[in-house]
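> turn this into a model:
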Amino acid sequence: MSKSRRKKSSKRSSQRKRKVLSKGYGWTRFFLVPVFLVLIANLILYTNEALVSFFLLFFIAILFYLIGRYRRMEFDHDNLYILYGTDEKVIHFSSIVSIKRSKNKKNKHHWKVTYLDKFSYKNSYRYKSHTNIEFQKRVKKVNPEVYF
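Numbers count the residues shown, from 1 in each chain. This is a model prediction of the structure:
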């Protein structure tokens, strides 16, 4: 087996051990593609409504971009992974400072993770999760000083 195949298989096996903390909804942006195509056809066929079609196209393009930026969060035994499309940010549990409920009083499933980056600056991520107990237990095992 070549080196590149071994690297890919080890990466896949490490991703299989991860558990999903927060799902991304970036795939839903592809429902906007047919609407986008209809608006382009409308712009070509009916040029007298060009301004309205142009603003709708612009709005849909911005919405497509924003939905695509939605992040996913996964965790394993030692790290928290924040995934933006193909980009991945790894946060070790020892750098997590706190895990708290968000200040949103209506929904009890919104959480906020605060951590220290490599320059000791506090950063935070908000996420929505119904399965937060196992994540909290794993973080507490690695870093008992975490504030809940």
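
> I figured residue 134 hits residue 76, correct?
No: using C-beta atoms under 8 Å, residue 134 makes no contact with residue 76, being 11.2 Å away. From N, CA and C alone the C-beta is placed, and that goes for glycine too.

> okay, these two: which has more neighbours?
Comparing residue 134 with residue 76 by other C-beta atoms under 10 Å, the one with more neighbours is residue 76, at 16 against 11.

> give me every residue that touches residue 21.
73-75, 80, 127, 129, 131-132, 135 (C-beta atoms under 8 Å, 6 or more residues apart in numbering).

> re the thing from before, which neighbours do residue 134 and residue 76 share?
With C-beta under 8 Å, 6+ apart, residue 134 and residue 76 have common neighbours residue 19.

> top helix in this structure by residue count?
With residue count as the measure and DSSP state H as the assignment, the chain has helix 50-68 as its longest helix.

> could you pull out the buried residues of that helix?
By neighbour count, and taking 16 or more other C-beta atoms under 10 Å as the criterion, the buried residues in helix 50-68 are 53, 56-57, 60, 64, 67-68.
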